[in-house]
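In: Take a look and give me a structure for this.
(4 chains)
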There are 2 protein chains.
Amino acid sequence: MLLTDRQLLILQVIVDDFIRSAQPVGSRSLSKKEEISFSSATIRNEMADLEELGYIEKTHTSSGRIPSEQGYRYYVDHLLSPQVLNQQDISIIQSIFAEKIFEFEKIIQRSAKILSELTNYTSIVLGPAVSINKLKKIQIIPLNKETAVAIFVTDTGHVENRTFSLPASVDASDLEKTVNILNDRLAGVSLEDLNDKIYKEVAMLLRQHIHNYDLMLHSIADSLKMPATEKLFFGGKTNILSQPEFHDITKIRSLLTMIDQEEWIYNLIRKESAGIHIKIGRENNNSIMDNCSLITATYSAGLENLGTIAILGPTRMEYSRVISLLQFLSKDLTAVLTKLYQNK
Amino acid sequence: MLLTDRQLLILQVIVDDFIRSAQPVGSRSLSKKEEISFSSATIRNEMADLEELGYIEKTHTSSGRIPSEQGYRYYVDHLLSPQVLNQQDISIIQSIFAEKIFEFEKIIQRSAKILSELTNYTSIVLGPAVSINKLKKIQIIPLNKETAVAIFVTDTGHVENRTFSLPASVDASDLEKTVNILNDRLAGVSLEDLNDKIYKEVAMLLRQHIHNYDLMLHSIADSLKMPATEKLFFGGKTNILSQPEFHDITKIRSLLTMIDQEEWIYNLIRKESAGIHIKIGRENNNSIMDNCSLITATYSAGLENLGTIAILGPTRMEYSRVISLLQFLSKDLTAVLTKLYQNK
DNA sequence: AATTAGCACTCGGTAACTTGGAGTGCTAAC
DNA sequence: GTTAGCACTCCAAGTTACCGAGTGCTAATT
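Out: Below is the predicted model of the structure:
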């Protein structure tokens, strides 16, 4: 069954008003709004219908109405008027990129911080996957007789390092030869493929040149089991505490605890197709996220989807504003990173 | 004025009981304790004296007593019976070191986690200062025509890296020469002294060998302005939420916000002399820390004081247990790190 | 002189009750 | 189809009553 224009108007005003005030909206206060030119009685009738259809709810028998999850969903899908960002927001976001920086992490970290400050919600940024970067150079630096550090530099300037124990039989020239072979064979290979490639292509070469090649091989290969997890950055972790709907300490605790556990966040933000995605309340499939919504956007470099920026807030979230901010930031991030990557 | 033995006994029992129950302690319940063999009326008289001396307080006219900050202070200084750790605690702590690890950070991070789990308070670990480590090797790896990554490896296996822009006039052989000079001159220098040393000793050498040496010099030196901050690690950030005395959301918010701001924590944990330090409530000189205590312990490698482990909890903290745990862990950390450092 | 029993008093917390206001649903009139 | 009117519902805030745990003081006891 389709909603009438009047029902849509009422639904929209209810959602807008509740997002602003966090108070149930009654027919009388609705009838006083400019946009609305019919009486409270009419509104009551329409609200009864909207409730029957599942778009709004009462908190108790004689209370005003609040949007249901389904109501928010409809609002987000059909009623959202895209908010135009004001100049101040825009320049704050652009300040992220003002300074000349070479490292992703700094940019990303600052994005998270500013996003949370602009919205008063919690921001989560999933950093670019290191594992798809291509290897630029490997270096192995012995620390003492027993241990050495392997350093992997990617074409994006990211540096990974691993300490590993050095087989006693390996001497300096062996090490040098090995590093040369590795660099020769592995440059340009993505980090996630390194391990594979080492066993398939490099092992043979090593055998020909290096005494005790197998010990060496395993030591290095072991240290190569990259933790492929993308780094997470947060902003405004405690912002939930200022939302009026979260006065229950156990609810807050479970939310904050979830935020501090990276696996949970990975589950929540799973890589999605490009663009904006909105998950409202139970759509997140996680009871901790009841009464919370998550809006995600992706950013990329060139064609490659790199990471995700997200805002976690109450279902009573300023969807319009958050979406605009995310769209704008993701566009800017993509532009900057694309440029950075091209340069490589 | 000195306290009588009986007053000491009563003070001790009050503190112990309040730490356990979080409830004000009344004379009647005190008189029922085994340790106490006199009537509630006597206890009331003694409590009136203790209150007059500032060791205990009432929450309202006819309530039981709770320890004052001064009371906790006296308790900590004179009444604390050192708790012997049980076997389970000990083996949990030792599990931190079970796995063979080369990297500090992992050990430190795990320490923070386990400490918070054992105590149910928030743990803070100030990692070893990177800046006192000695340089083992510098590498510079060009990414493209304009940028390069400088990599600094310390004798402890720690790796720092900085991306910087490469002067257009520098070619590969210049770079190689520079790296050689740097390694030749700077090996063994502590990171914090690098910048100094570069200008004082290396500049001249570079001038002799490298065309356009000054651009090169500044690029590298700039990237060397190490952020000398020691890394912070946390465990159980949300544990405060389960303490009954913190039911006020604004209090919780200010505490959690403080924890998320590293400068605040540095202020709180300032480097202190070796050993255990206890700061109760206002002794922390920070109103956010009202009703909170902080216990810190230092750990070292050899003679060098490396870092700090700390527990943040309510003033109503299990001082005895926390102190024992910190002592034990700091001893173990010191032992392990001393060994690691010797090996270098 | 120190200890204790006894008692009046205080205060917080809980439960029961009252009241006012905001809101609803329904009916009848427009 | 819309709206005015009205009875009804429920929450929230305020009031009152009451219980229990605790105190301080005094007088009796050791």
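In: Excluding covalently adjacent residues, which one is nearest to A:S81?
Out: A:S320 (6.5 Å; CB to CB, 6 or more residues apart in numbering or on different chains). Bear in mind the C-beta positions are built from the backbone N, C-alpha and C, glycine included.
In: didn't the one you found look like it was pressed against A:L79?
Out: No - look at A:S320 against A:L79 with CB atoms under 8 Å: they stay out of range, at 9.7 Å.
In: if we can go back for a sec, residues touching the residue nearest to A:S81, list them.
Out: A:80-83 (CB atoms under 8 Å, 6 or more residues apart in numbering or on different chains).
In: Closest one to chain B out of those, please.
Out: Distance from chain B was checked for each of the contacts of A:S320 by CB to the nearest CB. The minimum falls on A:Q83, at 27.7 Å.
In: Quick check: that closest one vs A:L326, distance?
Out: A:Q83 is 12 Å from A:L326, where distance means CB to CB, to the nearest Å.
In: and the two? which has more neighbours close in?
Out: Higher neighbour count among A:Q83 and A:L326: A:L326, with 25 against 15, using other CB atoms under 10 Å in any protein chain shown.
In: So, low pLDDT: which residues of the stretch 51-200 of chain A?
Out: Within the stretch 51-200 of chain A, the ranges that satisfy pLDDT under 70 run A:100-102.
In: ranges for the helices of it?
Out: A:69-74, A:87-95, A:104-119, A:172-186, A:191-197 (DSSP state H, counting those that start in this stretch).
In: For those helices, could you give me a markdown table that also reports mean neighbour count?
Out: As requested, the helices of the stretch 51-200 of chain A are exported to a markdown table (neighbours: other CB atoms under 10 Å in any protein chain shown):
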| stretch | mean neighbour count |
| --- | --- |
| helix A:69-74 | 20 |
| helix A:87-95 | 13 |
| helix A:104-119 | 20 |
| helix A:172-186 | 16 |
| helix A:191-197 | 17 |
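In: Can you name the residues of chain A sitting close to DNA strand C?
Out: Residues of chain A lying close to DNA strand C (CB under 7 Å from any atom of the strand) are A:24-29, A:40-41, A:44, A:47-48, A:51, A:58, A:62-65.
In: Extract the C-alpha set from the longest helix anywhere in chain A and format it as PDB.
Out: As assigned by DSSP state H, the longest helix anywhere in chain A is helix A:319-342. Extracted in PDB, the C-alpha atoms of helix A:319-342 (Å, rounded to 0.1, in the frame of the first residue of the first chain):
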ATOM      1  CA  TYR A 319      21.200  11.400   8.400                       C
ATOM      2  CA  SER A 320      21.100  14.100   5.900                       C
ATOM      3  CA  ARG A 321      24.000  16.000   7.400                       C
ATOM      4  CA  VAL A 322      26.100  12.900   8.000                       C
ATOM      5  CA  ILE A 323      25.600  11.600   4.500                       C
ATOM      6  CA  SER A 324      26.600  15.000   3.000                       C
ATOM      7  CA  LEU A 325      29.700  15.100   5.100                       C
ATOM      8  CA  LEU A 326      30.700  11.500   4.300                       C
ATOM      9  CA  GLN A 327      30.100  12.100   0.600                       C
ATOM     10  CA  PHE A 328      32.200  15.200   0.600                       C
ATOM     11  CA  LEU A 329      35.000  13.700   2.600                       C
ATOM     12  CA  SER A 330      35.100  10.500   0.700                       C
ATOM     13  CA  LYS A 331      35.300  12.500  -2.600                       C
ATOM     14  CA  ASP A 332      38.200  14.600  -1.300                       C
ATOM     15  CA  LEU A 333      40.000  11.600   0.200                       C
ATOM     16  CA  THR A 334      39.700   9.800  -3.100                       C
ATOM     17  CA  ALA A 335      41.000  12.800  -5.000                       C
ATOM     18  CA  VAL A 336      44.000  13.200  -2.800                       C
ATOM     19  CA  LEU A 337      44.900   9.600  -2.700                       C
ATOM     20  CA  THR A 338      44.400   9.100  -6.400                       C
ATOM     21  CA  LYS A 339      47.000  11.800  -6.900                       C
ATOM     22  CA  LEU A 340      49.300  10.300  -4.300                       C
ATOM     23  CA  TYR A 341      49.100   6.900  -6.000                       C
ATOM     24  CA  GLN A 342      49.600   8.200  -9.500                       C
END
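In: So for that helix, what gets flagged as buried?
Out: Buried residues in helix A:319-342, counted by 16 or more other CB atoms under 10 Å in any protein chain shown: A:319-326, A:328-330, A:332-334, A:336-338, A:340-341.
In: Give the rounded mean pLDDT of it.
Out: The pLDDT scores in helix A:319-342 average 91.
In: Off-centre distance for that helix?
Out: Relative to its chain's centre, helix A:319-342 lies at 12 Å (CA atoms, centre = their mean, to the nearest Å).
In: Stretch A:120-138 now?
Out: Using CA atoms, centre = their mean, the offset of stretch A:120-138 from its chain centre is 10 Å.
In: In contact with the closest residue to A:T308 other than its chain neighbours, which residues?
Out: Leaving out its chain neighbours, the residue that sits closest to A:T308 by CB to CB, 6+ apart is A:L126, at 4.2 Å. Counting by CB under 8 Å, 6+ apart, A:L126 touches A:230-232, A:269, A:307-310.
In: Of those residues, grab the buried ones for PyMOL.
Out: In PyMOL, selecting the buried portion of these, with burial taken from 16+ other CB under 10 Å, looks like this:
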select buried, chain A and resi 230+231+232+269+307+308+309+310
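In: between the contacts of A:L126, which is nearest A:S111?
Out: Checking these against A:S111 by CB to CB gives A:I309 as the nearest, at 6.5 Å.
In: quick one: contacts for that closest one?
Out: Listed by CB under 8 Å, 6+ apart, the contact set of A:I309 reads A:111-112, A:115, A:123-126, A:296-299, A:326, A:329-330, A:333.
In: Please give the number of neighbouring residues around the residue of chain A found nearest DNA strand C.
Out: Proximity of chain A to DNA strand C (CB to the nearest atom of the strand) peaks at A:G26, 2.6 Å away. Close neighbours of A:G26, defined as other CB under 10 Å, add up to 18.
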